[in-house]
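Participant: how would this look folded up:
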Amino acid sequence: MPLTSFLWRMLALLLCLSAAGCSVLQPHTDPTRFYMLTSRPQAHDTAERGERKRWKVGLRPVDVPAYLRNKAMVVRTQVNEVTFADFDCWAGPLDQGIARTMKDALSSSSNVESVTLDSFGSDTLDYQIAIRILACEGVRAADGSSSIRFSMSWEVRSVAANSAVTKRGVFTAPSAPWDGKDYGQFAERISDAITGAGQALAAALPMKTTQ
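Facilitator: Below you'll find the predicted structure:
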């Protein structure tokens, strides 16, 4: 084969490889979207605030089951089957988002003076709250409908009484409809459920009037 022809063929091959390499290395837009839990402003019961004992509350780190620690949003499709959204994720650790939203909900109550996160007990606190998440996910039913599920167990301990359990219970939010596609709506519905849970916890604290 003449040298000139060989060189031309090698040049053509190099050009083809270069073109292919450029197409492979083209940047692609990441379609992943990130969502945050947000608290909604709550009305303060100012009329009775001066008559109530206001408690200093500590919120222990929220206990979240392993399957919810993935940043991807979770949808339950069967009793024992869940799917993880490919491109829809929480913007941060779910336990921290729940704790932050719960703090806002508790702080809006007229019988709560302050809320301390990641608390393990302190002489400056009146009560300590421990929360274990049981469900925090979307649900797709066999008939094609979708909804949001949120449930948690909780304990309230009196710090002044050597951490004795004062109250315990389970909160399950009313089932909220979800269109099954809009994950911004998903995050909004979960936020509302957590706010409702915070209000229930505040109601579990004594509503003792000052002397």
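
Participant: Helix, strand or coil: sort out Val115 for me.
Facilitator: Look at Val115: counting by DSSP: H, G, I helix; E, B strand; the rest coil, its state is strand.

Participant: Assign the residue lying closest to Ser175 once chain neighbours are set aside to helix, strand or coil.
Facilitator: In space, and not counting its chain neighbours, Ser175 is closest to Ser147: 4.9 Å by CB to CB, 6 or more residues apart in numbering. No exception for glycine: its C-beta is placed from N, CA and C like everyone else's. Of the three states, Ser147 takes strand according to three-state DSSP.

Participant: same check, this time on Met102
Facilitator: Going by three-state DSSP: Met102 is helix.

Participant: bridging residues for the residue nearest to Ser175?
Facilitator: Note on Ser147: beta-bridge partners Val139, Pro177, judged by DSSP bridges.

Participant: My guess is it contacts Gly138. True?
Facilitator: Yes. Contact criterion CB atoms under 8 Å: Ser147 and Gly138 qualify, at 7.3 Å.

Participant: Compare those two (neighbour count), which wins?
Facilitator: In terms of neighbours (other CB atoms under 10 Å), Gly138 is the more surrounded of Ser147 and Gly138; the figures are 24 against 16.

Participant: name the element the closest residue in space to that one that isn't next to it in sequence belongs to?
Facilitator: Nearest residue to Gly138, sequence neighbours excluded (CB to CB, 6+ apart): Val75, at 4.1 Å. Using DSSP states H and E, Val75 sits in strand 72-78.

Participant: now swap in Ala105 and tell me
Facilitator: Using DSSP H and E, Ala105 sits within helix 94-107.
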